[in-house]
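# Next input, structure requested:
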Amino acid sequence: MEMLLKSEKALDILTTISFAQFLVITFILGAAVVFVFKFRKNIKKAFEDYRQNENNKEALMQQIIDNEHAISKLTETHEHDKEVLYENQQKYRQQSLDKQAAIDCQFADLMEKIDELKEMIERQHHETQKIKRNELREKLLSSYRYYTSLEKNPSQSWNEMEAEAFWHSYSDYEELKGNGYMHTVVKPAIEKLIVTKI
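Numbers count the residues shown, from 1 in each chain. Next up is the predicted model:
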C-alpha cells in the first residue's frame, strides 16, 4: 500500500511538470546513467587492480620469506667460510712471500750476470773501436805517405774517387775519437793535394 501511494505521488509530480522540465530531467538522468556506467567501469578496474596487487603482495611476501630462509642459510655457512678463507689467505700469503724471496734471489743473480755481460760487451766494444781506429790510422798514414811523397806522387794530386775514399775513412776515424798527428800533420798536408777528374 505504501508503495502504491509513492507511485501515485510520482505520477502527480510527472503530470505537473512542463515539457522543458521533462527534457532537463531526462538529460540529467541520462547523464547520471552514463556517469554511473563509466564510474562502474572505473570501480571494477580499481577492484581488479586491488585484487592483482593483493596477489602480487602475496607472491612478494612468499619471495621475502624464501629470501629470509636463504639469508639464514648463508649466514650459517658464512662463519665457516670466513674461517676457511682466513686460513687460505695465511697459507697463500706465506707461499707468496716464499716465491717472492726466491724471485728476488734469482733476479739479483740475473742482474749480476747482466752487469758482467754489459762490462764484457763494453770492453769488447772499446777494444773493437781501438782496433778499428788503429786500422784506419794505419790506412790514413799509408795514404798520407804515398800521396804526399814527391817520389811516389810527383804531381801531388789524386783523383776524386781516391779523395772521397780518404775523407770517408778520415771521417770514420774522427767518429772513433781518433786524434794526434792526423789533425795537425796529415790533414793539412792532404788538403794541399790537387783533386783531378777521373
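# CA atoms for contacts and neighbours, from now on please.
Fine.
# Remind me what the helix or strand hosting Ile131 packs against, helices and strands.
Assigned by DSSP states H and E, Ile131 falls within helix 19-148. Applying 3 or more CA pairs under 8 Å, 6 or more residues apart in numbering; DSSP states H and E, one finds that helix 19-148 contacts helix 160-175, helix 187-191.
# go again using 10 Å as the cut-off
Contacts defined by 3 or more CA pairs under 10 Å, 6 or more residues apart in numbering; DSSP states H and E place helix 19-148 against helix 2-16, strand 157-159, helix 160-175, helix 187-191.
# what about Lys132, how many neighbours?
By the measure other CA atoms under 10 Å, the count of residues near Lys132 is 15.
# Hmm, Asp172 and it touching each other?
Yes: using CA atoms under 10 Å, Lys132 makes contact with Asp172 at a distance of 9.3 Å.
# what touches both of the two?
Counting by CA atoms under 10 Å, 6 or more residues apart in numbering, no residue touches both Lys132 and Asp172.
# where does the chain dip in pLDDT?
Applying pLDDT under 70 to the chain flags residues 1-7, 9-15, 36, 43.
# let's go with 80 and repeat that
1-25, 29-47, 70-72, 74-76, 81, 179-180 (pLDDT under 80).
# For Thr128, give me its contacts.
Taking CA under 10 Å, 6+ apart as the test, what Thr128 contacts is 122, 134.
# and what of Thr148?
154-157, 186, 189-190, 192-193.
# if we go to 8 Å?
Listed by CA atoms under 8 Å, 6 or more residues apart in numbering, the contact set of Thr148 reads 156, 189-190, 193.
# That one and Ile198, how far apart?
Thr148 sits 19 Å away from Ile198, going by CA to CA, to the nearest Å.
# How about Asn55?
110 Å.
# again, but for Glu116
Counting by CA to CA, the gap from Glu116 to Ile198 is 52 Å.
# So for those two, which residue has more residues nearby?
Glu116 (12 against 8).
# The more buried one and Asn67, how far apart?
For Glu116, the distance to Asn67 - CA to CA - is 67 Å.
# and if you look at Glu119?
Counting by CA to CA, the gap from Glu119 to Asn67 is 70 Å.
# Likewise for Gln21?
Per CA to CA, Gln21 is found 67 Å from Asn67.
# Off-centre distance for the helix holding Ile131?
Centroid separation between helix 19-148 and its chain, computed with CA atoms, centre = their mean, to the nearest Å, is 13 Å.
# Compute the inter-axis angle for it and helix 160-175.
Using axes from the mean of the first three to the mean of the last three CA atoms, to 10 degrees, the inter-axis angle of helix 19-148 relative to helix 160-175 is 110 degrees.
# Next, count neighbours for Phe39.
Quick note: Phe39 (other CA under 10 Å) scores 12 neighbours.
# With Tyr170 instead?
Tyr170, neighbours per other CA under 10 Å, totals 20.
# so who does the closest residue to it other than its chain neighbours touch?
The shortest distance from Tyr170 to any non-neighbouring residue, by CA to CA, 6 or more residues apart in numbering, is to Leu140 (7.0 Å). Leu140 makes contact with 166, 169-170 under the criterion CA under 8 Å, 6+ apart.
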